[in-house]
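In: Here's my sequence, what's the structure:
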Amino acid sequence: MTIAAPFAITVSPAASGELEGTRAWLWDALAGTGLEERLPGEGDAGGCAIASDSLALVARTAFEVVGVVLYALVAGTVSCGTILLVGVAPPHRGAGTGAALVSAAAVDLAERGARTIVLEMPDEERLSRGRSLLRMQGFIEEGTVPDYYRDGVALVILRRASA
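Out: This next block holds a predicted model:
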């Protein structure tokens, strides 16, 4: 998939070790939110820190990786997928990169049998742009769990049908 942006962006599966270079800008965006534990770690298989069955897509320009989405089928459910993390490098935010990553993950999850996609995230002001992106991608808020991440920061549960 290629999208029009200041630089042409291509979305495709992450190559082994390719996510390690995303860690710095993802950390800057997520530190203190409770999501930093989901960051790709050094030396992880495929660069994915969550589980061996997690999947990763990256958005690339001709020069570098500028976005990542981590996602998986949810074990023990009937056709449910989850998006674990979406991140876009600061210079590429607002140009459609995040939307392309979420769309591509939804298509892949549907092809793997998911009918529903669930996403959990902190109700943090600094993540509001990401939450807006998810709403534009068809996610609806299903519920919240107060004080989940820390006092005053709820867990927000979002859902949408797969592609």
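In: contacts and neighbour counts: CA atoms only from here.
Out: Fine.
In: ok, how many other residues are close to V78?
Out: Neighbour count for V78, taken as other CA atoms under 10 Å: 12.
In: Name the nearest residue to it, sequence neighbours excluded.
Out: Excluding the flanking residues, the one nearest V78 by CA to CA, 6 or more residues apart in numbering is A114, at 8.0 Å.
In: Now do the SS call for that neighbour.
Out: coil (DSSP: H, G, I helix; E, B strand; the rest coil).
In: Could you count how many residues lie near it?
Out: Neighbour number of A114 under other CA under 10 Å is 23.
In: A100 and L57 touch, don't they?
Out: No - at 10.2 Å, A100 does not count as touching L57 under the criterion of CA atoms under 8 Å.
In: joint contacts of these two?
Out: Contact criterion CA atoms under 8 Å, 6 or more residues apart in numbering; residues bridging A100 and L57 by contacting each: V11.
In: Have a look at this structure and report its longest strand.
Out: Criterion DSSP state E: the longest strand present in the chain is strand 140-150.
In: Each with direction, which strands does it pair with?
Out: strand 153-161 (antiparallel) (DSSP bridges).
In: Look at A95 and say how many residues are nearby.
Out: Close neighbours of A95, defined as other CA under 10 Å, add up to 16.
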